[in-house]
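Enquirer: Next input, structure requested:
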Amino acid sequence: MALPVLERVERRRRRRRRAPPLAILALALVLAGGAGAGLYLTLHSSSSPTKTAGRPSTPPPSAVPRPAATRIPPTLVVGPRPLAPHRFTPPLSARAAILVDARTGRVLWALRPHLRRPIASTTKIMTAVLALQKLRPRDSVTIDPSVPRAAPFREGLVAGQRVRAWKLFYGLLLFSGNDDALALAIGTAGSRGAFIGEMNREARRLGLRDTHFSTPSGVVDRDNYSTAWDMAALTRYALRNPRFRAIVRTRVKHVRWAAPTFEKVYLNKNALLRQYRGADGVKTGWTTEAGHCLVASAQRGGAHLIAVVLAAPNRYNDAARLLSYGFRLPYVARVTRTSS
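Expert: You can find the predicted model right below:
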């Protein structure tokens, strides 16, 4: 029974080996030649003269979607010139300053807003922004052996301690501990150097063109600088985080601690919170080279303003004058009525 099946298969193979008629062979050659020529022309027309024929060309940058992590957020501070020029009498003590509407980002008043200056501990605003993105409040941060050796103005963290992140945030933004800044930097990125790299990448992502960081605390002035404009932009971005807002408006924070300390009391160094009605942040800073710096935020009657003063011997007075001037502006009142 198997023999007829084999015979039928053998007959089919013999028919396939049979040479085709000359006419069919000629037609096949014509079709193959046309397809090859078309393929050759297509490949050569779609590739640049300097590329190898047949290699697909690289799509234009506009055709390649940008990863979500690298997208630039909307402009944080806007206005080619201040909306409300004004000459303060007597002049402000600051070398550089700016007043911005926190809701719209509109520049209301400015003094050398793009002058690069060392910014001291206002650097910790960026440190908080990045650490808040990565660390949850109850995450434990193990204190690295390098942390207790941080430069002066430290709260006394001990190597090997495991500290809840939320405690470090209060130490960072109220007490302004440089050891808190280093602990959060290492806890967030794994090392001080890696965290500084993240700080500068975030600055570029936010469009802070005149900003560069070389320290998570601001205690080092060399290559650690920004401008009043950029600091207002960074603060406007930071204030979008409710945890950041809650911390920087806190005047006094009692924190339970392990024995033998048992409790720490953080007093916010931003005296404007106690001196100016409506003040709700943000951060002070001082070094010998940077001078006195202040990033201030205040709200009144639905209006929300940000003031930045750099190298200002009378920083609280400067900030208060800027904020009071801004709250009197018709533009601020009009935007408040429109948004309410």
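
Enquirer: ok, Leu115 - how many residues close by?
Expert: For Leu115, the neighbour count with other C-beta atoms under 10 Å is 16. Where you see a C-beta, it was placed from the backbone N, CA and C, and this is true even at glycine.

Enquirer: Across the sheet, point out what pairs with the residue nearest to it when sequence neighbours are not counted.
Expert: Nearest non-adjacent residue to Leu115, counting by C-beta to C-beta, 6 or more residues apart in numbering: Ala96, 4.5 Å away. Ala96 has the following beta-bridge partners by DSSP bridges: Leu310.

Enquirer: All the strands of the stretch 51-200 of the chain, in order from the start?
Expert: Taking DSSP state E, counting those that start in this stretch, the strands of the stretch 51-200 of the chain run over residues 96-101, 107-111, 117-118, 140-142, 162-164.

Enquirer: Which strands and helices lie in contact with the third one?
Expert: Meaning strand 117-118. In terms of contacts (3 or more C-beta pairs under 8 Å, 6 or more residues apart in numbering; DSSP states H and E), strand 117-118 is packed against strand 225-226.

Enquirer: The first one now?
Expert: The contact analysis (3+ C-beta pairs under 8 Å, 6+ apart) places strand 96-101 against strand 107-111, helix 228-238, strand 303-310, helix 315-327, helix 330-339.

Enquirer: got the contact list for the last one?
Expert: It stands for helix 330-339. Helix 330-339 has contacts (C-beta atoms under 8 Å, 6 or more residues apart in numbering) with 83-84, 101, 103-104, 106, 108, 301-303, 305, 326.

Enquirer: what is the mean pLDDT for it?
Expert: For helix 330-339, mean pLDDT is 80.

Enquirer: Quick one: distance of that helix to the chain centre.
Expert: Relative to its chain's centre, helix 330-339 lies at 29 Å (C-alpha atoms, centre = their mean, to the nearest Å).

Enquirer: ok and that helix relative to strand 107-111, angle-wise?
Expert: 150 degrees (axes from the mean of the first three to the mean of the last three C-alpha atoms, to 10 degrees).

Enquirer: Can you mark which positions in helix 330-339 are buried?
Expert: Using 16 or more other C-beta atoms under 10 Å as the test for burial, helix 330-339 gives 332, 335-336.

Enquirer: now the fourth one
Expert: If you call a residue buried by 16+ other C-beta under 10 Å, then helix 315-327 has these buried ones: 315-316, 318-323, 325-327.

Enquirer: What are the contacting residues of that helix?
Expert: With contacts defined as C-beta under 8 Å, 6+ apart, helix 315-327 is touched by 84, 86, 88, 92-94, 97, 99, 101, 108-109, 271-272, 275-276, 278-279, 284, 292-294, 296, 298, 300-301, 303, 305, 307, 309, 312, 332.

Enquirer: I'd like to know which of the residues you listed are buried.
Expert: 84, 92-94, 97, 99, 101, 108-109, 272, 276, 278-279, 284, 292-294, 296, 298, 300, 303, 305, 307, 309, 312, 332.
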